[in-house]
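> Requesting a structural model of the entry that follows:
(chains A and B)
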Amino acid sequence: MESRYKSFHYIEDLSKYANSDVILRGWVANKTEKGKLVFIQLRDGTGTVQCVTFKGNVSEEVFANAKKLTQESAVKIIGSVRADERAPSGFEVDVKEIEIYHISTDYPITPKDHGDAFLMEHRHLWLRSSRQHAIMRVRASVIKAIKDYFDSNGFKQMDSPMLTPSACEGTSTLFETKYFDMGSAYLSQSGQLYAEASAMALGRVYTFGPAFRAELSKTRKHLTEFWMVEPEMAFFDLNDDMDLAEDLVVYIVEYVLKTNRKELEILERDISKLEAIKRPFYRLSYDEAVKWLQDNKIPLKKKVDGKEVEILPFPWGEDFGSPQEEAIMEQFDKPCIIHRYPAEVKAFYMKRDPDNEKVVLAMDMLAPEKGGEIIGGSQREDNEDLLLERIRHENLPEEDYQWYLDLRRFGSVPHSGFGMGVERMVKWITGASHIREVIPFPRMIYRIYP
RNA sequence: UCCUGAGUAGCUCAGCUGGUUAGAGCAUCUGACUGUUAAUCAGAGGGUCGGGGGUUCAAGUCCCUCCUCAGGAGCCA
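Sure thing, here's the model as predicted:
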């Protein structure tokens, strides 16, 4: 026997049911009355459609029920689908029966303007509004595109642990938790080191999971809990790594363009900007980028003894901050990869450039339109002695890294990988102004509710 | 953590140099309308002006302090 749910009707499929009856289940997004007419904007998670109740067509009880409906009341509506030029979706439903699941009272989010703080307090309800709904559908597409791309290109998903005995990179601050009688455990800030071990077992792998950073970041592009995909590939050098990063980004953007036209329209996204995202992307070495900053008189802002000072020309060896990255990206309509950063500002596991000992084989991909850093990656140090030297230099607990050093003791090979922030990617593609809008329940420095 | 800014009705805000009973739009409730889609029209209810302390004949308004929130910086995906 066929499962009952398989016969359910959904608003996104309404064009298939023109001139026939459907049973819709959903919530009242809005309602207006005009005498003998009641217009119900019905939302079922797949879309929204206007259901028209005309007093002359239904029983008095059904009409009374229609009038009783409030914003976000839950209903089952039986009606016939009719093409209508006046409807934004092209179709309307003429109501025949209404069954009320629940009448909602005093729904806090009205169709008018609200402030960010208020909406964040009601995030669990805010997700129902059309803009948030559209963003979440794009997010789901981005995640699906990521997995599709890797799964169909020889990669195996191989997830890394969330609970770890120590810091992966040693730099960022970590969330600490008790771990039975074994002291402290930490929530992972990156799955990369474990992904390297996985890559030595399966060749090309990717981890997909949450990452946790206890940094006191308070900006529109930071979360304390975010999702990250991290591919790691044996025998890939930095160039292979950058090529893969470009191919992945192009695939994701194309997939969203193909799948989410309606959502991008609701978000008023300039689609031509996304259609321009084709290979090759721009690439600049750190040296070239520094020269550009110097030529264009972009200073380094730095705090010296508590005072902020501007340093011109931009000194070689300093990491780029948002002002530098934004200045560089203003000239580009496609992402730009900056590679070969000074070793001092980058993580211990990155491989030195054999052509220049001062830099490491690292790369960051910056997105245009103030999308910021969406990818960070590198070729990994594969020499045991050099890696150990770096671990000691950073004062990392050597004993915690023995398993990681084993990867350089037993069949060490050149290998590379990168991390892509899912929310950063969704923020750029949707054009959302704040990263908190692109994850269902954002975790930020001053917010853990709802 | 540092810098800057904000807190007045359920929501978004106005409120002058301190001065009578603190206002508007939306939302809610009642009524009218067969084409609304941020409907319109008529009417009604709705306030510890973030908390505490102070100055003053008089404080939403000035001062002190605490709390909450937002934006930016650094760090990073």
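
> Quickly list what A:K31 is bridged to.
Judged by DSSP bridges, the bridge partners of A:K31 are A:I40.

> So for it, what's the pLDDT?
In this model, A:K31 is scored at 91, pLDDT.

> quick one: contacts for it?
Neighbour list for A:K31: A:V38, A:F39, A:I40, A:Q41, A:L69, A:T70, A:Q71 [criterion: Cβ atoms under 8 Å, 6 or more residues apart in numbering]. Where C-beta positions appear, they are placed from N, C-alpha and C, glycine not excepted.

> My guess is the fifth one contacts A:K76. True?
No. Contact between A:L69 and A:K76 fails when scored by Cβ atoms under 8 Å: they sit 12.0 Å apart.

> more neighbours, those two?
For the pair A:L69 and A:K76, the greater number of neighbours falls to A:L69 (24 against 13), based on other Cβ atoms under 10 Å.

> Find residues that contact each of A:L69 and A:K76.
Contacts common to A:L69 and A:K76, judged by Cβ under 8 Å, 6+ apart, are A:I98.

> Please enumerate the helices of the stretch 101-250 of chain A.
With DSSP state H, counting those that start in this stretch as the criterion, the stretch 101-250 of chain A has helices at A:116-121, A:123-126, A:130-151, A:192-202, A:238-259.

> would a markdown table of the ones you listed with distance to RNA strand B, mean pLDDT and mean neighbour count be doable?
Formatted as a markdown table, the helices of the stretch 101-250 of chain A follow (distance: least, Cβ to the nearest atom of the strand, whole Å; pLDDT from 0 to 100; neighbours: other Cβ atoms under 10 Å):
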| stretch | distance to RNA strand B | mean pLDDT | mean neighbour count |
| --- | --- | --- | --- |
| helix A:116-121 | 4 | 86 | 14 |
| helix A:123-126 | 11 | 91 | 16 |
| helix A:130-151 | 10 | 96 | 19 |
| helix A:192-202 | 8 | 96 | 20 |
| helix A:238-259 | 10 | 97 | 19 |
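
> closest one to A:N383 among those?
Smallest distance to A:N383 across the helices of the stretch 101-250 of chain A (Cβ to Cβ): 14.0 Å, for helix A:192-202.

> And the helices of the stretch 101-250 of chain A: which comes nearest A:K427?
Of all the helices of the stretch 101-250 of chain A, helix A:130-151 sits nearest to A:K427, with 9.1 Å by Cβ to Cβ.

> starting at the chain centroid, how far to the closest one?
8 Å (Cα atoms, centre = their mean, to the nearest Å).

> Could you export that helix as CSV, CA atoms only?
What follows is helix A:130-151, C-alpha atoms only, in CSV (Å, rounded to 0.1, in the frame of the first residue of the first chain):
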residue,chain,number,x,y,z
SER,A,130,9.8,34.9,3.0
ARG,A,131,13.3,36.4,3.0
GLN,A,132,14.6,34.0,5.6
HIS,A,133,12.8,31.1,3.9
ALA,A,134,14.6,31.9,0.7
ILE,A,135,18.0,32.1,2.4
MET,A,136,17.5,28.8,4.0
ARG,A,137,16.6,27.2,0.7
VAL,A,138,19.8,28.6,-0.9
ARG,A,139,21.8,27.3,2.1
ALA,A,140,20.4,23.8,1.6
SER,A,141,21.4,24.1,-2.1
VAL,A,142,24.9,25.2,-1.3
ILE,A,143,25.3,22.2,1.1
LYS,A,144,23.9,19.8,-1.5
ALA,A,145,26.2,21.2,-4.2
ILE,A,146,29.3,20.8,-2.0
LYS,A,147,28.5,17.2,-1.3
ASP,A,148,27.4,16.4,-4.9
TYR,A,149,30.7,17.9,-6.2
PHE,A,150,32.9,15.9,-4.0
ASP,A,151,30.9,12.7,-4.1
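
> From the contact counts, what lies against the helix or strand harbouring A:K96?
If you go by DSSP states H and E, A:K96 is part of strand A:91-102. When contacts are defined as 3 or more Cβ pairs under 8 Å, 6 or more residues apart in numbering; DSSP states H and E, strand A:91-102 sits against strand A:21-34, strand A:48-54, helix A:60-68, strand A:74-83.
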